[in-house]
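[1] here is a sequence together with a model predicted from it:
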Amino acid sequence: MSTVNTITEQLTRAGQAIEHDSFAIIDAEAGPHGYTGAQWPIVRRMIHANADFEFNGLTDFHPDAVAAGIGAMLRGGTPVVADVEMICSGLSRPRLKHFGMATHQFISDPDVIAQAQAEDSTRAVQAMRKAHRLGLLDGAIIGIGNAPTALIELVRLIREEGVRPALVVGMPVGFVSAAESKDLMAGVAGVPWIVIRGRKGGSTLVVAALHALLSLAEAQQKGGTAA
């Protein structure tokens, strides 16, 4: 059996070698951490995405987050609902296709913009509401990397309207309500989540976390362990 994943790895031996060497450097330099063996590959890939070791400590996991994310991917056909197009563009199409997954985002839809203007809210809020109306949130993997108001609205939908995503990767970056929105998400017990505490975050980190989960899912599918 191959020692690397065939779908979620770099496509060339040279690319694989660079990525694996980078992971080895991160493992050596990160120092001690309290993450489980399943959680660390996600944090490590996030560090790899922007060379910031502070994510060793800032990243927080619901106890069921990794298992829930892998399970949703292995079921096949699980939608990924994002707050912005950048996440959809950053995710590898071959990796998603392997699990029959498709991405969705509504931030620039004309009806979303019109409703946000009518209600004096944000497009991110209305985009989450549209995803809910379309029946896309229940059982989905939700990735939020840009808009704190999207995460705040998602928490409201979970608490008040019974929405049940499979996993929420909540990592909005910013200075207004970013840290607070992630603290709100982390206070939800009934839905698994991965968050970055504080102001740091971004769509790149959501993509990194989801790519790590895709790698873990493929490794489990093959009966092995991810690199």
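    That came through, no problem. In this text the structure is predicted, and so the values were computed from the model without any measurement.

[2] which element is the residue nearest to A217 when sequence neighbours are not counted on?
    Spatial nearest neighbour of A217, chain neighbours left out: M73 (4.0 Å); criterion: Cβ to Cβ, 6 or more residues apart in numbering. For glycine as for every other residue, the C-beta is placed from the backbone atoms N, C-alpha and C. Element membership for M73, per DSSP states H and E: helix 65-75.

[3] which other helices and strands does that helix contact?
    Contact analysis of helix 65-75 by 3 or more Cβ pairs under 8 Å, 6 or more residues apart in numbering; DSSP states H and E lists strand 141-144, strand 167-170, strand 193-196, helix 203-222 as its packing neighbours.

[4] who wins for proximity to P79 among those?
    When those are compared by Cβ to Cβ, strand 141-144 sits nearest P79, at 7.4 Å.

[5] direction included, what does the closest one pair up with?
    Partners of strand 141-144 in the sheet, by DSSP bridges, are strand 80-82 (parallel), strand 167-170 (parallel).

[6] how about residues contacting that strand?
    Contacting residues not belonging to strand 141-144 are listed as 69, 72-73, 78-83, 87, 150-151, 154, 165-172, 203, 206-207, 209-210 [Cβ atoms under 8 Å, 6 or more residues apart in numbering].

[7] name the element the residue of the chain positioned farthest from its centre belongs to?
    Most distant from the centre of the chain: A118, at 30.3 Å, with distances by Cα atoms, centre = their mean. When elements are assigned from DSSP H and E, A118 belongs to helix 110-119.

[8] okay, buried residues for that helix please.
    112, 115-116 (16 or more other Cβ atoms under 10 Å).

[9] please, where are all the helices along the chain?
    13-30, 40-50, 55-58, 65-75, 85-90, 93-98, 110-119, 123-133, 148-161, 178-186, 203-222 (DSSP state H).

[10] need these in TSV (columns: mean pLDDT and distance to V195).
    Output for the helices of the chain, formatted as TSV (pLDDT from 0 to 100; distance: least, Cβ to Cβ, whole Å):
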stretch	mean pLDDT	distance to V195
helix 13-30	83	19
helix 40-50	95	12
helix 55-58	94	9
helix 65-75	98	9
helix 85-90	96	15
helix 93-98	94	22
helix 110-119	98	25
helix 123-133	98	16
helix 148-161	98	9
helix 178-186	97	4
helix 203-222	94	10
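
[11] distance to N5 for those - can I get that in TSV?
    Listed next are those as TSV, based on distance: least, Cβ to Cβ, whole Å:
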stretch	distance to N5
helix 13-30	10
helix 40-50	12
helix 55-58	22
helix 65-75	13
helix 85-90	19
helix 93-98	9
helix 110-119	36
helix 123-133	30
helix 148-161	30
helix 178-186	29
helix 203-222	4
